[in-house]
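> next come a sequence and a model predicted from it.
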Amino acid sequence: MKTDPKAAAGRAFVRSLNILLKFARLYGHEHARTIEQLQTAWQELRAAIPMGTDSALLLGATNSQLLLDGVPLEGSPAEKQFAQLLSAAGVASVQFFAFLTEEEIGRFVRAFPTGKAKPAELALQLKAALADAQGIRINEICFVATDARLKDVSIAAQIAAASLDGDQEQFRQWLNDPQKLLELIAAAQGSKSGGVAGPGPGGLIPDGEAPGTGDSAAGGGTSAGTRRATGLWNAGGSGVGFVSEIECSAAVGSVGVAGAGFGAGEGSGSGGHGEPSEEEIYGILSALTSFGTVGTGQGGVAAAGVFQEQMSQLPGRAQDTLKQALASLAAQAPNNKPDESVIVKLAEHLAIRFALERFERGEVKVNAVRQMLDRMNQEIENLRKILGSHEDKMSEAGILAESHREILDKQFWAAVPESGKRAVLLSGDAWCIPPRNVQSYVGELMEHGNIAEAISILQNYAACADSEDADARKKTAVGLSEMAGLYAKADPKLLSEALRHVGLRLSVEQDSELQGLVSAAFVRLSQEAATSRYFPAMEQALDLVAGVESQRPGIARSLRGKMGIEERVPEFVEEALKARQVAAGLTDVLRLLPQTTMEQLSARFNRCSLRDDSEHVANLAADLGEEAVQYLRSTVRSGPVAEAVEMAGLLSRLDPESVMVFLPGRMKDFPRTSQDRIVRQISASGAARRCHILLELLDHVDPLVTPLVIDEIGVTADREALGKLLTVADGDLPPGSGSFLRVKAIEALGRIQAQESASTLKRLVEAKKVFGWVQPLELRIAALQALDKLDPDWVQDYLPRSGIDKEDFTLAPLEIPLSSRFVRQRRHTRVRLQKPVRAVSINLTENCSLEIKTASLSGGVATISRHLPPGTQVQLKLQFGMRNLQATALMRDYRAQDMAFEIVDMNLEERSKYRRLLAASLQPTVPAAAESDVTPEPVGVAASK
């Protein structure tokens, strides 16, 4: 499978960008190495998205994983740190467009901090640096609404940090203790009304009512205030009462929680003030930020006085809301020590409760809640900076803390009742919920066995990809990319449904940014389908890409290379062959990828050593239909030589007529090594008409390959070859062939065992001249061995007067079983030599030596002094004792440290000497069949023995 150039260039750009940011941190932006690396990164980015095209590059980040156009990148620890930095900063992805300029990429790089910085600052710096950039777009996980009214809050937050040091320690503890804050607020209310506050015991308040009672040190009187709790803001609990010229009281806390009471003389309190408005909530959050700054340069009572003054300026309803939230925090952990983050917790508590109340009353939808929380988070972020020492330490240690926006999102979602969560996730606004919250909720449903509801939620979320709202489609695409694994885990069928929704958008989406996000989601879902081996979803993905190809061929080509289906075809095929059963839907997927599939099946077919394996491969290939077979035909007819060679064996099994038509005409132009490989593959294919194919090729192959063709024809035992073999045996030889080919033809006649050949064989054995025999001894031995299978009685009667020794007669060709379990069989008995025979090559530019330990009349296995490519022609000179003999051989495949060779030509007198050498080492028991001593081996090795 070819590598996608854009993907390769994109990966190179990501690596260069990471190196560039490292150089910037080490040397600064003006250093020569940094400038040089910037040029490199720019050139690689331009290679990925050439100028003048409509393409784009999407660099995404999820947790510690970088994604390139939706495809996960295997990165180094530094690149994982880069992904964590983007994720923690709230940056979902960065999109680079083709009209990007070099100046814009420079601004993008300079936006990254060179020193210690919090992740949240990165998003702000990128926004500022790329404010007017057209070629780069930053996609955030949450979209924050800005408010000019809050632009100066951060200055107050910086002042607040100073108020927590030095002589402010006591007041700092008050601000971090909910009970102390309650006392300060009560004192503020008491001072405003002219009374003096005194502590006293509170009590448990049932049914949401909040009476406040207390004994005053000043007058011993009591006060009480009662109001009925309504909603989240009036839960009831502990009471606070005051007595002065103006009598008032307020109820705070949560149901059934003991609180503190305050009093000054006698009096009674009136009811509460109702729910706060949105602007009052923002005012409370702003006041909380100011509380941290109270007492700068002052201490003790002075600081408390300023605090009370600011508190008294809040509206009464806002004061009640603040006291109620404080009482709730105090009740949750009544025995805890003061916590430095209590003011932040209080602000988060107020924000969550307000947003939840409005959501449950139906005043706002989920998307408006997100915007509301983002606005309130602006103020809470400044509060967090006051207590930022812990995050500073984590940043210095290289640990990226969760963003504040994510924390607030999680807290709001945790506070939403189960019914509210279910209603939102099953509504058309499900896309507003962050993917991590959807994952958490669906995961809990699955853990409790509620699979049906989990599936319904995921189906509804995927349907949001069809929304008319561009923002909804954008966030749905991002969410589907993140939750692809969850879809597969809940029910693999959901992948098909999600792919259908996303795939339909591929053809119609016009916005380039949205197109990139949708493509990334499509790729991620396809990859998950391939990983989970859910073939119906893979088939649907391929069908959808085929539909896109007619309208947007460039996008379709890019998607095919990233989906991860084609590259997994070898795995799918191997798994199906190993299991001896094709998984449901696999055939349909492979049918849509005919080229990749047939290349893999052809290679696998050629490697088979067992007949059952080759049959299974052939059956799987046949199931793929006409389009797959047509690819084989076109390759054998006009494809590159190397590819045609690999496809010929499988095609001879599926469509032998096509091989007979196309292959002979091309065969003469193939190199000898390719001819040799094709002949062996056709013979091993088990095709019913392979004998006819080999006869067609006989006149078109190299003379050194002709003996192999004759051998393979004999193995088929097909009577169709009888006429041609008899002609060759009688001496009518193809051009360039010699007597060695006649011996091969006679051996083939012996395997066919046709009675019509007996007269010719007897004539060859019996023919005499004045002094001796007409035919060479080796040819007569071969003819007599063939006759032994046709007329053994005649052979036994004739052998004593034949002039042939019994020792020469022993090494007969092996009988080939008609139903062998191996695709190739041994032709001759293999003999382990009593003493290794040394041989040397004499025809190579750089000759080599061989040590032959095992051999047969058709070849052997030797330890060789240097590597020779399989198919190399070698003229061997064998040395044993004082005698030498020569043979022409073709080198075959390696076996461990040894290399096999096959003899393709040999003088017949030399062959007689070679036969006697083997007979001398022959053990008493001789195998009678080709399978009696066969072990599974590579095809090329088995052929050489």
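It's in. Numbering: from 1, shown residues only.

> ok, residue 847 - contacts?
840, 841 (CB atoms under 8 Å, 6 or more residues apart in numbering). Heads up, the C-betas are built off the backbone N, CA and C, glycines and all.

> just say helix, strand or coil for it.
At residue 847 the chain is in coil, as set by DSSP: H, G, I helix; E, B strand; the rest coil.

> how about it, phi and psi?
phi -70, psi 160 (degrees, to the nearest 10).

> next: the one 4 residues further on.
Its backbone dihedrals place residue 851 at phi -120, psi 110, with angles given as degrees, to the nearest 10.

> and it, what does it touch?
Contacts of residue 851 by CB under 8 Å, 6+ apart are 836, 837, 838, 839, 862, 863.

> who wins for most neighbours among these?
residue 839 (26 neighbours; other CB atoms under 10 Å).

> okay, now the sheet partners of the strand or helix carrying that residue, with direction.
Assigned by DSSP states H and E, residue 839 belongs to strand 831-841. Strand 831-841 sits in its sheet next to strand 849-856 (antiparallel), strand 873-880 (antiparallel), going by DSSP bridges.

> residues in contact with it?
For strand 831-841, the external contacting residues (CB under 8 Å, 6+ apart) are 847-856, 862, 874-880, 917-918, 920-923.

> residue 825 in helix, strand or coil?
In three-state terms, and counting by three-state DSSP, residue 825 is coil.

> okay, now it: neighbour count?
Considering only other CB under 10 Å, residue 825 is surrounded by 20 other residues.

> wait, it touches residue 815, no?
No - assessed by CB atoms under 8 Å, residue 825 is found out of contact with residue 815, at 9.4 Å.

> contacts for the longest helix along the chain, please.
Taking DSSP state H as the criterion, the chain has its longest helix at helix 5-27. Residues from elsewhere that reach helix 5-27 (CB under 8 Å, 6+ apart): 31, 33-34, 37-38, 40-41, 44-45, 47-49, 55, 57, 59, 66, 68-69, 71, 73, 75-76, 78-79, 82, 109-110, 112, 114-115, 558, 561-562.

> now swap in stretch 597-606 and tell me
569-570, 573-574, 577, 590-591, 614, 617-618, 620-621, 624, 628, 631-632, 643, 646-647, 649-650, 653, 681, 684-685, 939.

> let me know the average pLDDT across that stretch.
When pLDDT is averaged over stretch 597-606, the result is 94.

> buried ones in that stretch?
Of the residues in stretch 597-606, 597, 598, 599, 600, 601, 602, 604, 605, 606 count as buried by neighbour count, 16 or more other CB atoms under 10 Å.

> can I get the CA coordinates of the helix or strand containing residue 460 in PDB?
When elements are assigned from DSSP H and E, residue 460 belongs to helix 451-463. C-alpha atoms of helix 451-463 as PDB (Å, rounded to 0.1, in the frame of the first residue of the first chain):
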ATOM      1  CA  ILE A 451     -27.100  -0.800  27.900                       C
ATOM      2  CA  ALA A 452     -30.300   0.200  26.100                       C
ATOM      3  CA  GLU A 453     -30.300   3.700  27.500                       C
ATOM      4  CA  ALA A 454     -26.600   4.100  26.900                       C
ATOM      5  CA  ILE A 455     -27.100   3.200  23.200                       C
ATOM      6  CA  SER A 456     -30.000   5.700  22.900                       C
ATOM      7  CA  ILE A 457     -27.900   8.500  24.300                       C
ATOM      8  CA  LEU A 458     -25.000   7.700  21.900                       C
ATOM      9  CA  GLN A 459     -27.400   7.400  18.900                       C
ATOM     10  CA  ASN A 460     -28.900  10.800  19.800                       C
ATOM     11  CA  TYR A 461     -25.400  12.400  20.100                       C
ATOM     12  CA  ALA A 462     -24.300  11.100  16.700                       C
ATOM     13  CA  ALA A 463     -27.500  12.500  15.200                       C
END
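
> any buried residues in that helix, and which?
Buried residues in helix 451-463 (16+ other CB under 10 Å): 453, 454, 455, 456, 457, 458, 459, 461, 462, 463.

> now the strands paired with strand 831-841 as JSON lines including mean pLDDT and distance to residue 539?
Converted to JSON lines, these look like this (pLDDT from 0 to 100; distance: least, CB to CB, whole Å):
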{"stretch": "strand 849-856", "mean pLDDT": "93", "distance to residue 539": "50"}
{"stretch": "strand 873-880", "mean pLDDT": "92", "distance to residue 539": "48"}
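
> of these, which is nearest residue 421?
Minimum separation from residue 421 across those (CB to CB) falls at strand 849-856, 74.6 Å.

> what helices or strands is whichever helix or strand comes after that closest one leaning on?
Once the chain leaves strand 849-856, the next helix or strand it forms, by DSSP H and E, is strand 859-864. Under the contact criterion of 3 or more CB pairs under 8 Å, 6 or more residues apart in numbering; DSSP states H and E, strand 859-864 touches strand 849-856, strand 883-895, strand 898-905.

> each with direction, which strands does strand 859-864 pair with?
strand 849-856 (antiparallel), strand 898-905 (antiparallel).
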